[in-house]
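Enquirer: A predicted structure for the sequence below; I have some questions about it.
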Amino acid sequence: MTSETEWADPYDLPIESLNVAQPGLFKADGQWRYLERLRNAAPVHYCEDSDFGPYWSVTRYQDIFKVDTDPRRFSSAQGITVGGAGGTPVPKDHQLQGPEKQKVQQQFDGFGMFIAMDPPKHDLQRSTVTGVVAPPNLAAMATTIRARAGAILDSLPVGERFDWVDRVSVELTTQMLATLFDFPFEDRRKLTRWSDVATNPPGTGVTESAEQRRGELVECLTYFTALWNERVKAPKKGDLISMLAHGEATKNMVPFEFLGNLLLLIVGGNDTTRNSISGGVLALNENPAEYAKLRAEPGLIPNMVSEIIRWQTPLAHMRRTTTQAVELNGVTIPQGEKVVMWYVSGNRDERSIDRASEFLIDRDKARQHLSFGFGIHRCMGNRLAEMQLRILWEEIQKRFAFVEVMAQPTRTYSTFVKGFTEMPVRLHPL
């Protein structure tokens, strides 16, 4: 893995050689100048050589919006990440080679999840589960989320160093996932583990071999199949498994299509919110004037939540494949090409977002960001994510004067999930 100090300045490189799709670059938080140069000089950019093969980068807000809202010419059916497996290539020195290596890289996209489908099948499967986050259900969840957030925060050691990612970000989102699935609460950390296994290929810190990874995903399928069999025999309820088991478009799914949709819902409900929870703490520490603004005016929390989600951009990109030759911003992309929408870049595009490089908790129109996507694939849980973050910050402000980040966080090794594996903090009481 390349260290942070070894990354070349992108302005010293020929622009045709720029390759943003390097997980080590994101782990080092070194992607910003690469994306800045592409936005300014080559907003629709062809990268011929990467660990994932050739691909096109789209880095400006308006161009990303055009791709995301045009599923007819930009298809999801060939995969949603630049290279599969959550945007993390198998290391070059890994024991797998040739076709087997490619197979492992494609596993995350290979499952039959509705986000990696086009209409009409996408629409039918998505509509089966959207009711779980309908407004009446969200209102009912709010009390539960507040009680859990309060209990988690009250359990934390004040004045002592601990890992915010594990104790708060992961714990709160995993408890919420268990509720959405009506999953046995005592086993909830299995959901976090399966999310990490799904988005990290073997040899990158989660599993050691393709066999181990495959075995853990089969364990996930086996566990959920038992729950499915229980729910299908019972009257339909409001949890995700019951909805899938009774839905006309989903009740006859083959096992790996079921697994694919489970992983989509687990990753979508886990990685995104948990990394925004951590990212907000870091952003406020890096911008003390904004933290002071929050202390002075807690009513800014709902607006701040949207700004945190823009600033963090917990999923750095999504990919499409062209179904025909398409002209975008004066550049013709041939048919059958991978097109990567760098949400993380569009959210810093000064052409569309005023003062985009600044973290401002009182920003006007803060919800107009790219982090949830647009069009038919817009994140169905966006209101739930916002509600979890809003309630958590309301409860934090009732208890603590300052959540202090004690050292640089450890970031994920991925071009897809933009987040953190560890963030040491210390709490200061009111």
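Expert: Done, it's in. Note that the coordinates shown come from a computational prediction; the quantities given were computed from them, not determined experimentally. Numbers count the residues shown, from 1 in each chain.
Enquirer: quick one, what contacts residue 315?
Expert: 271, 272, 343, 371, 416, 417, 418 (CB atoms under 8 Å, 6 or more residues apart in numbering). In short, each C-beta sits where N, CA and C put it, glycine included.
Enquirer: sec struct for the fourth one, please.
Expert: Going back to what we said before, that points to residue 371. Going by DSSP: H, G, I helix; E, B strand; the rest coil, the secondary structure assigned to residue 371 is coil.
Enquirer: residue contacts, it?
Expert: Here residue 371 is in contact with 309, 310, 312, 313, 314, 315, 343, 347, 379 (CB under 8 Å, 6+ apart).
Enquirer: and the longest helix seen in the chain, average pLDDT?
Expert: As assigned by DSSP state H, the longest helix anywhere in the chain is helix 255-286. Average pLDDT, helix 255-286: 84.
Enquirer: what separates that helix from the chain centre, distance-wise?
Expert: 5 Å (CA atoms, centre = their mean, to the nearest Å).
Enquirer: same check on stretch 409-428?
Expert: Distance of stretch 409-428 from the chain centroid (CA atoms, centre = their mean) equals 13 Å.
Enquirer: and it, end to end?
Expert: End-to-end distance for stretch 409-428, by CA to CA, to the nearest Å: 19 Å.
Enquirer: same thing with stretch 34-49?
Expert: 16 Å.
Enquirer: thinking again about what came up before, are any of the contacts of residue 315 buried, and if so which?
Expert: Buried subset of those (neighbour count, 16 or more other CB atoms under 10 Å): 271, 272, 343, 371, 416, 417, 418.
Enquirer: picking up where we left off before, let's have the contacts of residue 315 in TSV, adding distance to residue 156.
Expert: Putting the contacts of residue 315 into TSV (distance: CB to CB, whole Å) gives the following:
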residue	distance to residue 156
271	22
272	23
343	31
371	27
416	30
417	25
418	25
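Enquirer: among the residues you listed, pick out the one closest to residue 293, please.
Expert: Using CB to CB, residue 371 is the member of these that sits closest to residue 293, with 21.7 Å.
Enquirer: roughly how far apart are that closest one and residue 285?
Expert: Note on residue 371: its distance to residue 285, by CB to CB, to the nearest Å, is 20 Å.
Enquirer: what's the burial count for residue 147?
Expert: Residues lying near residue 147 (other CB atoms under 10 Å) number 12.
Enquirer: now do the helices in the stretch 201-350 of the chain.
Expert: In the stretch 201-350 of the chain, the segments counted as helices under DSSP state H, counting those that start in this stretch are 210-232, 240-246, 255-286, 288-296, 301-312, 343-346.
Enquirer: any buried residues in the longest one, and which?
Expert: By neighbour count on 16+ other CB under 10 Å, the buried set for helix 255-286 is 257-285.
Enquirer: for stretch 45-62, give the mean pLDDT please.
Expert: Confidence for stretch 45-62, expressed as mean pLDDT, is 95.
Enquirer: now do the same end-to-end measure for it.
Expert: 15 Å.
Enquirer: where does pLDDT dip in the stretch 1-150 of the chain?
Expert: Applying pLDDT under 70 to the stretch 1-150 of the chain flags the ranges 1-5, 84-134, 136-137.
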